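K.L.:
just to be clear, the model below is a prediction. Sequence and coordinates:
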Amino acid sequence: MSPSSSPEPVDHRARLIEALAATLAEQSYADTTIADVVARAHVSKRTFYEQFASKDDCLVALCETLSQRTLAIIAEGFDPGADWVEQLAHVTHAYLASLQAQPALIRTLFIELLGIGPAGLSTRRQIQQRFASFLQVQVELSRAKEPGKRPLSPEMAMAVVGGINELILHAIEQDQVHRLTELAPTVIAFVQAVLTSLNPSAD
């Protein structure tokens, strides 16, 4: 049999995650059932349970997938050799725009994920840590050109991410997800103040 005639393997896990994402774009998580997800994914319930223990388990996987995609969007356009203020503006706009483009899913990520208990809380913390670590890495890259600059501590990096998330959460609660990019000046000023405080002149 020639390679061209061999069927491509089906990634049922990815298909189910995408099906849940598509379903949540149309209805709430509380109203979503496993039957809804498998119907959209065109797989059986047996296939679902081969991949996930529960609907909540699938939600966790979806949130992980969304965070990885968002971080990839940010990292892809980041140039460590460019002016860091310009890069901060670019990264901030890219991040907020990616969230703004998927309002229903972002509500799930920021609010409904926490409603599923310890697993949701743990996932949320891991996602925040991923973004905090990215920020720390960028500071370390800038320190290569500015040896006197202090490192960004893990605690401060997490505080920055947490502060930004609170702004986003407030926008979600005010039904203003379609205006998330308007937060960019505030977020940029906040992060810039923190990063500037690491300069030797700030001592």
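P.N.:
Received, thanks.
K.L.:
and the spatially most central residue of the chain, what is it in contact with?
P.N.:
A centroid search over the chain (C-alpha atoms, centre = their mean) returns Ser67, at 2.8 Å, as the residue closest to the centre. Applying C-beta atoms under 8 Å, 6 or more residues apart in numbering to Ser67 gives the contacts Leu109, Ile127, Arg130, Phe131. Where you see a C-beta, it was placed from the backbone N, CA and C, and this is true even at glycine.
K.L.:
try Pro200
P.N.:
So Pro200 contacts Gly148, Lys149, Arg150 (C-beta under 8 Å, 6+ apart).
K.L.:
list buried residues within the residues you listed.
P.N.:
Among the contacts of Pro200, those classed as buried by 16 or more other C-beta atoms under 10 Å are Lys149.
K.L.:
just send the contacts of Pro200 back as TSV, with distance to Asn165, pLDDT and secondary structure too.
P.N.:
Shown next, in TSV, are the contacts of Pro200 (distance: C-beta to C-beta, whole Å; pLDDT from 0 to 100; DSSP: H, G, I helix; E, B strand; the rest coil):
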residue	distance to Asn165	pLDDT	secondary structure
Gly148	31	87	coil
Lys149	25	88	coil
Arg150	24	92	coil
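K.L.:
I'm done for today, thanks for sticking with me.
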